[in-house]
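A.B. asks: how would this look folded up:
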Amino acid sequence: MRINRMLLLACCLGLSGCVPRIEIAAPKEPITINMNVKIEHEIHIKVDKDVEALLKDQNLF
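C.D. replies: The predicted structure follows:
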């Protein structure tokens, strides 16, 4: 019984040295974010011939 306790104590002491270490450090160089973004888009609209004629008569577009 005493040997079991000593073995358990030795295992616990051995495992206590294996604690993971987490380190947080700031980078040496500053972080650069390139925000040069070009957005292009096309919109295609299909309409009926009646609506198209109405739009041409009204000169909306």
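
A.B. asks: how near is the residue most central in space within the chain to Ala26?
C.D. replies: Compute the mean C-alpha point of the chain, and by C-alpha atoms, centre = their mean the closest residue is Ile33, 14.6 Å away. To Ala26, Ile33 is 16 Å away according to C-beta to C-beta, to the nearest Å. In short, each C-beta sits where N, CA and C put it, glycine included.

A.B. asks: Count the neighbours of Ala53 for me.
C.D. replies: When counting by other C-beta atoms under 10 Å, one arrives at 11 neighbours for Ala53.

A.B. asks: secondary structure element for it?
C.D. replies: Using DSSP states H and E, Ala53 sits within helix 49-58.

A.B. asks: same check, this time on Val47
C.D. replies: Here Val47 is assigned to no helix or strand, by DSSP H and E.

A.B. asks: Just the local confidence number for it, please.
C.D. replies: Val47 is assigned 70 on the pLDDT scale.

A.B. asks: That one: what's its closest spatial neighbour, skipping adjacent residues?
C.D. replies: Leu55 (7.3 Å; C-beta to C-beta, 6 or more residues apart in numbering).

A.B. asks: Find out how far the one helix or strand Met6 maps to is from the centre of the chain, if you would.
C.D. replies: Secondary-structure assignment from DSSP H and E places Met6 in helix 2-16. Mean-position distance between helix 2-16 and its chain equals 45 Å (C-alpha atoms, centre = their mean, to the nearest Å).

A.B. asks: Offset the numbering so it begins at 53, please.
C.D. replies: Okay, using 53 as the starting number, the last item reads as helix 54-68.

A.B. asks: Could you give me the buried positions within that helix?
C.D. replies: The neighbour-count check on helix 54-68 (16 or more other C-beta atoms under 10 Å) flags nothing as buried.

A.B. asks: lowest-pLDDT helix or strand in the protein?
C.D. replies: helix 54-68 (a mean of 75; mean pLDDT, DSSP states H and E).

A.B. asks: Backbone dihedrals for Asp75, please?
C.D. replies: Actually, residue 75 is Glu. It isn't Asp. phi -120, psi 130 (degrees, to the nearest 10).
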